[in-house]
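> Need a 3D model of the sequence below.
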Amino acid sequence: MTADDEVVTICRDLIRIDTSNPGDHSGPGERKAAEHVAVLLSEAGLEPQILESHPGRASVVARIAGEDPSRPALLIHGHLDVVPANAADWRHDPFSGEIADGCVWGRGAVDMKDMDAMILAVVRQRLREGRRPPRDVQLMFTADEEAGGAWGARWLVEKHPDLFEGVTEAIGEVGGYSVTIGGRRLYLMQTAERGMAWLRLTAQGTAGHGAMVHPDNAVTELAGAVARVGRYEWPVRLTPPVRAFLEEAGAALGTRFDPEDPDALLRQLGPISRIIRAVLRNTVNPTGLKAGYKVNVIPQEAVAEIDGRFLPGYEDEFFAQVDELLGPGVRREFIHQDIAVETSADGDLYEAMTAALLAEDPEGRVVPYTMFGGTDAKSFSRLGIRCFGFAPLRLPADLDFSGMFHGIDERVPVDGLRFGVRALDGFLDHC
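Prediction:
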């Protein structure tokens with residue numbers, strides 16, 4: 001069986017293994033999926049290790065010897081966990097791996113069991129054929145990425161740094177996929193991603209009877225702060241990859257990108273504009289509120305949660321503005337914090353990724369972009385590893401691919417998977 005055929009089977013099998021991550025250890029964990037991946041790697045002649053950070057929270061690692069072991073190694077990584085899914089909302093069961101309308105359906109089809117499957121299919125075929133990569137490749141299939149990676153990538157970095165010996169560059173999610181703008185396919189290469197600041201906000205007041213005049217009200221204090229933060233219009237900050245994408249998108253549409261009015265171009269981009277709009281600026285979104293236990297009792301404490309994201313180079317500005325908006329009456333603490341990541345769109349690895357895509361789609365154009373969310377690259381970059389998002393897919397022009405991340409009816413085209421294994425295989429010839 002070739003990688004073109006095997007990738008579909010592997011993707012379906014991985015989707016059928018429920019690895020839902022609710023953000024704690026109450027889910028099924030990744031152990032079963034890790035064992036499945038380890039078997040596939042063992043069959044190809046590798047010696048994978050399953051490393052468990054907590055019972056059931058498992059990652060898989062394996063090393064492929066390259067033709068020139070003196071060269072720095074490349075890390076290729078994917079995560080095994082997925083966000084939860086409610087089957088009642090879906091047209092096809094999210095853990096069935098069903099094929100319909102030319103797509104593989106299910107939770108993880110785009111985030112990111114598709115890439116896991118592509119990696120496994122390509123590696124298995126290459127090893128069957130005796131084709132080693134030009135340099136050592138470290139494979140990692142991690143736990144817990146969907147909750148920040150504390151029990152996956154971050155744990156591996158902190159507890160098993162020896163695994164990264166000699167590794168200088170990495171590829172993983174989310175990049176290398178196509179969007180069609182003005183009839184032209186642009187392949188978005190991830191060179192940056194925003195930092196994360198998941199915050200818990202707390203206001204303290206004086207408890208009392210709900211019928212009394214009570215100016216020291218924790219709920220009032222917190223509600224005002226949450227409203228200020230949630231309604232704040234963050235200024236546009238054009239980082240290099242965002243500017244590069246918008247200039248290329250403008251050229252595809254036959255119009256000039258105006259840095260003073262980015263919305264004029266965004267309105268013409270269709271669904272992908274949601275992603276690009278998010279990386280034009282820092283963002284903060286309130287996501288939770290909790291206070292009180294009885295309608296006629298004024299609570300002593302009120303708590304909110306917010307999801308904050310900051311652009312590379314704008315972390316200090318972000319926190320200074322958040323603190324100003326919150327005011328002195330609200331305390332903030334981190335639920336989860338992680339760095340922004342950015343590298344330049346150049347170098348031998350970037351050229352190899354570009355060449356691999358264009359070899360399969362000569363009419364395409366490769367352009368850097370900034371990922372709106374976060375990936376395991378945040379953990380790996382702490383070791384000085386240069387990280388890119390490269391999970392190659394050629395997609396239909398009318399598929400709202402970005403809208404399926406953590407959404408319902410997640411699916412990946414079968415033809416896209418097959419394109420991906422060809423591009424990934426070509427990349428590994430020259431990485």
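> quick one: the strands in the stretch 51-200 of the chain?
Secondary structure of the stretch 51-200 of the chain (DSSP state E, counting those that start in this stretch): strands located at 57-64, 73-79, 99-100, 103-105, 137-142, 167-172, 177-181, 184-193, 195-204.
> what's the most buried one of these?
Among the strands of the stretch 51-200 of the chain, judged by mean count of other C-beta atoms under 10 Å, the one packed with the most neighbours on average is strand 73-79 (a mean of 26). Heads up, the C-betas are built off the backbone N, CA and C, glycines and all.
> picking up where we left off before, now render the strands of the stretch 51-200 of the chain as JSON lines, adding mean pLDDT.
Listed next are the strands of the stretch 51-200 of the chain as JSON lines, based on pLDDT from 0 to 100:
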{"stretch": "strand 57-64", "mean pLDDT": "98"}
{"stretch": "strand 73-79", "mean pLDDT": "98"}
{"stretch": "strand 99-100", "mean pLDDT": "96"}
{"stretch": "strand 103-105", "mean pLDDT": "97"}
{"stretch": "strand 137-142", "mean pLDDT": "98"}
{"stretch": "strand 167-172", "mean pLDDT": "97"}
{"stretch": "strand 177-181", "mean pLDDT": "94"}
{"stretch": "strand 184-193", "mean pLDDT": "95"}
{"stretch": "strand 195-204", "mean pLDDT": "96"}
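> what's the closest of these to Ala302?
strand 195-204 (4.8 Å; C-beta to C-beta).
> Just checking: what are the partner strands of that closest one?
strand 301-310 (antiparallel), strand 330-338 (antiparallel) (DSSP bridges).
> Can you name the element that comes right after the longest one?
What that stands for is strand 301-310. Per DSSP states H and E, the first helix or strand lying C-terminal to strand 301-310 is helix 315-326.
> Can you tell me which residue is spatially central in the chain?
Of all residues in the chain, the one closest to the mean position by C-alpha atoms, centre = their mean is Thr375, 4.1 Å from it.
> and it, that one's in a strand?
No: per DSSP: H, G, I helix; E, B strand; the rest coil, Thr375 lies outside any strand segment and is coil.
> out of everything not next to it in sequence, what's closest to it?
In space, and not counting its chain neighbours, Thr375 is closest to Glu173: 5.3 Å by C-beta to C-beta, 6 or more residues apart in numbering.
> again with Ala391
Met115 (3.9 Å).
> Correct me if wrong: the one you found contacts Leu80.
No: using C-beta atoms under 8 Å, Met115 is not in contact with Leu80; the gap is 11.1 Å.
> re the thing from before, residues touching the residue nearest to Thr375, list them.
Glu173 makes contacts with 78-79, 111-112, 115, 190, 375, 389, 391, as judged by C-beta atoms under 8 Å, 6 or more residues apart in numbering.
> picking that back up, could the strands of the stretch 51-200 of the chain go into a markdown table alongside distance to Ala345?
Listed next are these as a markdown table, based on distance: least, C-beta to C-beta, whole Å:
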| stretch | distance to Ala345 |
| --- | --- |
| strand 57-64 | 26 |
| strand 73-79 | 18 |
| strand 99-100 | 35 |
| strand 103-105 | 30 |
| strand 137-142 | 22 |
| strand 167-172 | 14 |
| strand 177-181 | 16 |
| strand 184-193 | 5 |
| strand 195-204 | 20 |
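> which one of the ones you listed lies closest to Asp409?
It is, among the strands of the stretch 51-200 of the chain and with distance given as C-beta to C-beta, strand 103-105, at 7.0 Å.
> And the contacts of the closest one?
The contact list for strand 103-105 (C-beta under 8 Å, 6+ apart) reads 8, 11-12, 15, 90-92, 94, 96-99, 109, 114, 409-414, 417.
> can you map out the strands along the stretch 201-350 of the chain?
Under DSSP E, counting those that start in this stretch, the stretch 201-350 of the chain gives strands at 208-209, 283-291, 297-298, 301-310, 330-338, 341-342.
> nearest to Asp398, of those strands?
strand 283-291 (27.5 Å).
> What is the neighbour count of Asp323?
12 (other C-beta atoms under 10 Å).
> List the contacts of it.
Arg332.
> Read off the pLDDT value for it.
Looking at Asp323, its pLDDT reads 96.
> For Tyr293, which non-adjacent residue is closest in space?
In this structure, Tyr293 finds its nearest non-sequential neighbour in Pro299, 7.0 Å apart by C-beta to C-beta, 6+ apart.
> Same check on Thr202?
Arg331 is the one closest to Thr202 (C-beta to C-beta, 6+ apart), at 4.8 Å.
> If you count contacts, what does the lowest-mean-pLDDT helix or strand in the chain end up packed against?
One helix or strand of the chain scores below all others by mean pLDDT, DSSP states H and E: strand 208-209, with a mean of 86. Applying 3 or more C-beta pairs under 8 Å, 6 or more residues apart in numbering; DSSP states H and E, one finds that strand 208-209 contacts strand 297-298.
> ok, 6 Å please
Where contact means 3 or more C-beta pairs under 6 Å, 6 or more residues apart in numbering; DSSP states H and E, strand 208-209 is not packed against any helix or strand.
> distance between that strand and the chain's centre?
Computed by C-alpha atoms, centre = their mean, to the nearest Å, the separation of strand 208-209 from the middle of its chain amounts to 46 Å.
> what's near enough to touch Ala100?
His92 (C-beta atoms under 6 Å, 6 or more residues apart in numbering).
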